[in-house]
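Asks: what follows is a protein structure lacking sequence information:
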């Protein structure tokens, strides 16, 4: 999964770190479900990461402030590119809380199967969000240094 932050915006390193964390935490889920996400892009607060600052989103349309992400299918079920808004609308400097990005990622992964926002879509989105929480809690997701996140901790030389 290729990561595509908007390098020309403030705090680009922080935005890149959010995308990398999303990749680390959600790629195992996508693979386990048979989805192929070819890229994960930052969607600008005034447009789209793929169009770099012209204020336009997929298909050249202006993206509304209430759009937090989108999933572009390649035409094969389960294969897509995902773009996620990481910044407050119209404020390039304010990075959103990670939990918002993670919720959007679960939402966009559910679009790998369901195009519309049906009951089945929301059920799958909830399953993906629960699976993400379980993976983190069990330490099945690693941090940037390769160490498990969540799960049971151990003290060196100690008991437990």
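Replies: Cool, got the structure. In this text the structure is predicted, and so the values were computed from the model without any measurement.
Asks: tell me where the chain has strands.
Replies: 2-4, 36-43, 69-73, 79-85, 141-142, 148-149 (DSSP state E).
Asks: how about the fourth one: buried residues?
Replies: Read that as strand 79-85. For strand 79-85, a neighbour-count test (16 or more other Cβ atoms under 10 Å) marks 80-85 as buried. C-beta: built from backbone N, CA, C; applies to glycine.
Asks: residue 68: which of the residues you listed is nearest?
Replies: The shortest approach to residue 68 among those belongs to residue 85, at 4.9 Å (Cβ to Cβ).
Asks: in this protein, where is pLDDT below threshold?
Replies: Applying pLDDT under 70 to the chain picks out residues 45-63, 74-78, 140-160.
Asks: show me which helix runs longest in it.
Replies: helix 12-32 (DSSP state H).
Asks: how far does it sit from its chain's centre?
Replies: 6 Å (Cα atoms, centre = their mean, to the nearest Å).
Asks: what helices and strands are in contact with that helix?
Replies: Counting contacts by 3 or more Cβ pairs under 8 Å, 6 or more residues apart in numbering; DSSP states H and E, helix 12-32 packs against strand 2-4, strand 36-43, helix 98-110, helix 119-137, strand 141-142.
Asks: check which residues of that helix are buried.
Replies: Residues of helix 12-32 classed as buried: 15-19, 21-26, 28-30 (neighbour count, 16+ other Cβ under 10 Å).
Asks: can you list contacts of stretch 29-40?
Replies: 1-4, 19, 22-23, 26-27, 74, 76, 78-84, 109, 112, 128, 131-132, 135 (Cβ atoms under 8 Å, 6 or more residues apart in numbering).
Asks: ends of that stretch, how far apart?
Replies: 14 Å (Cα to Cα, to the nearest Å).
Asks: show me how far that stretch is from its chain's centre.
Replies: 11 Å.
Asks: same deal with stretch 102-115?
Replies: Worked out by Cα atoms, centre = their mean, stretch 102-115 lies 9 Å from the chain centre.
Asks: okay, buried residues for that stretch please.
Replies: In stretch 102-115, counting by 16+ other Cβ under 10 Å, buried: 102-113.
Asks: ok, so of those, who is nearest residue 94?
Replies: Within these, proximity to residue 94 (Cβ to Cβ) peaks at residue 104, which comes in at 15.9 Å.
Asks: verify the stated contact: the closest one with residue 83.
Replies: No - counting by Cβ atoms under 8 Å, residue 104 does not reach residue 83; the two are 9.7 Å apart.
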